[in-house]
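1. predicted model, plus sequence, below.
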Amino acid sequence: MTEPKLEVPAELRELAEKSIDQAQKAFALFFDAAGKSMPALPGAGTEVSKQALAFTEQNMKAAFEHARKLVQATDLQEAMQIQSEFLRSQFTNAGEHMRQITGAWMSGDKGRS
């Protein structure tokens with residue numbers, strides 16, 4: 001038995017892609033503004049905060065790329081494979097990010113002046 005194709009009109013896929021692009025541009029503006037304001041925040045935790053912001057930006061970029069792949073999926077099996085790969089990579093990245101942040105915090109690299 002073959003997997004039924006996802007019959008999504010090209011116009012709907014195009015609209016979804018444009019929406020993803022617009023959302024990604026909005027988040028890019030946010031991360032740019034947040035990154036520029038970080039140096040203005042003196043005190044403990046600044047470096048860890050910068051690192052956390054960078055990790056969050058990486059995660060958002062991955063989520064937008066994931067959304068683009070899902071929009072192009074042609075059947076349920078492909079969509080499930082895309083989702084599985086995304087979740088696996090996000091769990092791996094989250095663990096690595098936590099190790100890096102914990103390591104920076106424990107080593108005393110808290111951005112103290």
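-> In hand now; what should we look at? Residues are numbered from 1 along each chain as shown.

2. residue ranges with poor pLDDT in this protein?
-> Within the chain, the segments meeting pLDDT under 70 span 1-4, 6, 40-45, 108-113.

3. what segments of it are helices?
-> When secondary structure is read from DSSP state H, the chain shows helices at 10-37, 46-72, 76-106.

4. what would these look like in a markdown table with mean neighbour count?
-> Glycine gets a C-beta too; all of them are placed from N, C-alpha and C. Output for those, formatted as a markdown table (neighbours: other Cβ atoms under 10 Å):
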| stretch | mean neighbour count |
| --- | --- |
| helix 10-37 | 12 |
| helix 46-72 | 16 |
| helix 76-106 | 13 |
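
5. from Leu87, how far out is Ala26?
-> Ala26 sits 25 Å away from Leu87, going by Cβ to Cβ, to the nearest Å.

6. and if you look at Thr46?
-> Look at Thr46 and Leu87: by Cβ to Cβ, they are 32 Å apart.

7. go on, Val8?
-> 22 Å.

8. next: Leu15.
-> Distance of Leu15 to Leu87, given as Cβ to Cβ: 26 Å.

9. repeat for Gln72
-> Gln72 is 18 Å from Leu87, by Cβ to Cβ.

10. next one: Ile101
-> Computed as Cβ to Cβ, the Ile101 to Leu87 distance reads 21 Å.

11. Pro39 too?
-> Look at Pro39 and Leu87: by Cβ to Cβ, they are 35 Å apart.

12. for the residue lying closest to Ala73 once chain neighbours are set aside, give its distance to Ile20.
-> Spatial nearest neighbour of Ala73, chain neighbours left out: Ala79 (4.0 Å); criterion: Cβ to Cβ, 6 or more residues apart in numbering. Separation of Ala79 from Ile20 (Cβ to Cβ): 16 Å.

13. repeat for Glu14
-> 11 Å.
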